[in-house]
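Participant: sequence first, predicted model second:
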Amino acid sequence: MGNSTERQGGVRLGCIADDFTGATDLANNLVRAGMRVVQTIGVPAAPLDTQVDAVVVALKSRTIAPEQAVAQSLAALQWLQEQGAEQIYFKYCSTFDSTPEGNIGPVTDALMQALGTDFTIATPAFPDNKRTVFKGYLFAGDVLLNESGMQDHPLTPMKDPNLVRVLQAQTQKKVGLVDYQTIAQGADAIRARFAALQAEGVGIAIVDALANADLVTLGAALQGMPLVTAGSGVAIGLPQNFGIAPDSQAAALPAAEGLQAVVSGSCSVATNQQVAAFIATGRPALAIDPLRIAEGADVRGEALAWARDKLAGGPVLVYSTAEPASVRAIQGRLGVEQAGAMVEQTIAGIARGLVELGVRQLVVAGGETSGACVQALQIAQMRIGAQIDPGVPWCHALSPAAPQGLHIALKSGNFGTPDFFTKAFSRL
Ligand code: ADP
């Protein structure tokens, strides 16, 4: 047994994530840094029943009304404190998705008040994902945030790349900056800068970071800070503060068994390639036609009947994945939301049916589709395992349809290499 399985004690890091795939992204970083991690879907009703180093509570609070986001985040905080969490991590998007109303500012203010702390940091920096912060300005790849396409986001248009200004518009606290010059001088200099900012009345400090090494340096300076707010990047520097180092045992999941299947409701470029690559292997693949769902055909029943005798031979794929022109045509006939919801529900029903047929290794493609499948399988929490590709780990979860548990990988749209749908199973 490795160190991590012998490690005793309660939850070190309690995390609150403002969306589902963002939660998995954070959990994945923590596992890679050596922590054993459970991700919960919403705030659990019961206490945690396994021993882990970190818990990530996945909310869906990024774009809801600020009062609701605050209420949900405070409920998550209370549950995490009941599990003994020593440090709280509020996780948001690495493009700082928010509006002048929130929700990053209001949630941070409320968590600070509940924790009785008057200082925290805020940084979406995640160099592995090409998000860097310099002089408080957020870059996505080689361009400023407001030139990256995020300025046109339908819900959270980011028109100002200066995070001090962006956050100041949303918070009661004074916002300051720990700039790169300080980061380059090491953890002691960062701590001294924190103290100086606090003396000036600053409550939240935006922090520059250009490389992973900066996040590790920053991590050391965050030891003992009650609340950290960040994208998923800062997670790589925190486990060391709890005496935890990278350890493959942290990603250990129960042995995989049972039948294998992929369901895909994602129409992203990468997923289209993955579906084509799976079909090219000659394995069984079934396309779902949204128009037949709209006509009331029993598409779910047909798909399960199709899969039933093929599953014993290896992984099968059921997909609604289509090229943009075809998706637009369907949306034109059914409406965007209607088409999306219908397809999601059908795929989720098929996922549940496949698990009832004995599938215990399930890959789901699509962010929204993943949410629908997790709901249909009534999954409340997932233990996070090793990553298949960046940002996509295998997980293990209990479901009424699989009381002994199943392995599930939730892949959002543009993640994964073209051979993802076959490679994933070879990693178990
Ligand atoms: P991604 O992570 O790639 O964005 P999502 O699952 O989040 O994938 O979103 C894809 C959306 O498109 C879902 O609402 C899904 O139901 C819908 N959809 C899937 N296939 C089709 C299709 N053939 N026509 C129209 N909409 C579709």
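Facilitator: Happy to help now that I have it. Keep in mind that what you see is a predicted model, and the values were worked out from it rather than measured.

Participant: endpoints of stretch 81-89, how far apart?
Facilitator: End-to-end distance of stretch 81-89 (C-alpha to C-alpha, to the nearest Å): 12 Å.

Participant: quick one: residues contacting the closest residue to Ile64 other than its chain neighbours.
Facilitator: Among residues not flanking Ile64 along the chain, Asn103 sits closest, at 7.3 Å (C-beta to C-beta, 6 or more residues apart in numbering). Glycine gets a C-beta too; all of them are placed from N, C-alpha and C. Listed by C-beta atoms under 8 Å, 6 or more residues apart in numbering, the contact partners of Asn103 are Asp18, Ser61, Arg62, Thr63, Ile64, Pro66, Ala69, Val70, Gln170.

Participant: the fourth one is in contact with Pro154, isn't it?
Facilitator: No: counting by C-beta atoms under 8 Å, Pro154 is not a contact partner of Thr63; they are 9.6 Å apart.

Participant: who has more neighbours, those two?
Facilitator: Comparing Thr63 with Pro154 by other C-beta atoms under 10 Å, the one with more neighbours is Thr63, at 17 against 6.

Participant: mind checking what secondary structure that one has?
Facilitator: Here Thr63 is coil, with the state taken from DSSP: H, G, I helix; E, B strand; the rest coil.

Participant: what's the closest non-adjacent residue to it?
Facilitator: Closest residue to Thr63 apart from its sequence neighbours, by C-beta to C-beta, 6+ apart: Leu155 at 4.8 Å.

Participant: repeat that for Val234.
Facilitator: Nearest to Val234 is Leu215, by C-beta to C-beta, 6+ apart, at 5.8 Å.

Participant: tally up the residues packed near the one you found, please.
Facilitator: The number of residues near Leu215, taken as other C-beta under 10 Å, comes to 26.

Participant: which of the three states applies to it?
Facilitator: Leu215 ends up helix, using three-state DSSP.

Participant: pLDDT wise, what is it at?
Facilitator: Note for Leu215: predicted pLDDT of 98.

Participant: who's in contact with it?
Facilitator: Leu215 makes contacts with Ala125, Pro127, Ala209, Gly233, Val234, Ile236, Gly237, as judged by C-beta under 8 Å, 6+ apart.

Participant: flag every buried residue along the one helix or strand Gln68 maps to.
Facilitator: In this assignment (DSSP states H and E), Gln68 forms part of helix 66-82. Neighbour-count burial for helix 66-82 flags Pro66, Ala69, Val70, Gln72, Ser73, Leu74, Ala76, Leu77, Trp79, Leu80 (criterion: 16 or more other C-beta atoms under 10 Å).

Participant: run a quick neighbour tally on the residue nearest to the last one when sequence neighbours are not counted.
Facilitator: Just to be clear, that refers to Leu80. Closest residue to Leu80 apart from its sequence neighbours, by C-beta to C-beta, 6+ apart: Gly14 at 3.1 Å. Counted with other C-beta under 10 Å, the neighbours of Gly14 add up to 24.

Participant: Asp160 too?
Facilitator: For Asp160, the count of nearby residues is 18 (other C-beta under 10 Å).

Participant: which positions in this structure make contact with the ligand?
Facilitator: With C-beta under 6 Å from any ligand atom as the criterion, the chain comes near the ligand at residues 265-268, 271, 290, 320, 322, 327, 330-331, 339-340, 343-344, 366-369, 412-413.

Participant: repeat that with 5 Å
Facilitator: With C-beta under 5 Å from any ligand atom as the criterion, the chain comes near the ligand at residues 265-266, 268, 290, 320, 322, 327, 330, 339-340, 343-344, 366-369, 412-413.

Participant: in helices, which of the residues you listed fall?
Facilitator: Those of the residues of the chain next to the ligand mapping onto helices are Pro290, Val327, Ile330, Ala339, Gly340, Val343, Glu344, Gly367, Glu368, Thr369, per DSSP state H.

Participant: pretty sure Tyr92 is touching Pro124, no?
Facilitator: Yes: between Tyr92 and Pro124 there is a contact under C-beta under 8 Å: 6.9 Å.

Participant: the two - which one has more neighbours?
Facilitator: Pro124 (29 against 25).

Participant: what ranges do the helices span in the stretch 1-150 of the chain?
Facilitator: Remark: helices assigned in the stretch 1-150 of the chain by DSSP state H, counting those that start in this stretch are 3-6, 20-32, 66-82, 104-115.

Participant: tell me the mean pLDDT for the helix or strand containing Lys423?
Facilitator: Under the criterion of DSSP H and E, Lys423 resides in helix 420-426. When pLDDT is averaged along helix 420-426, the result is 98.
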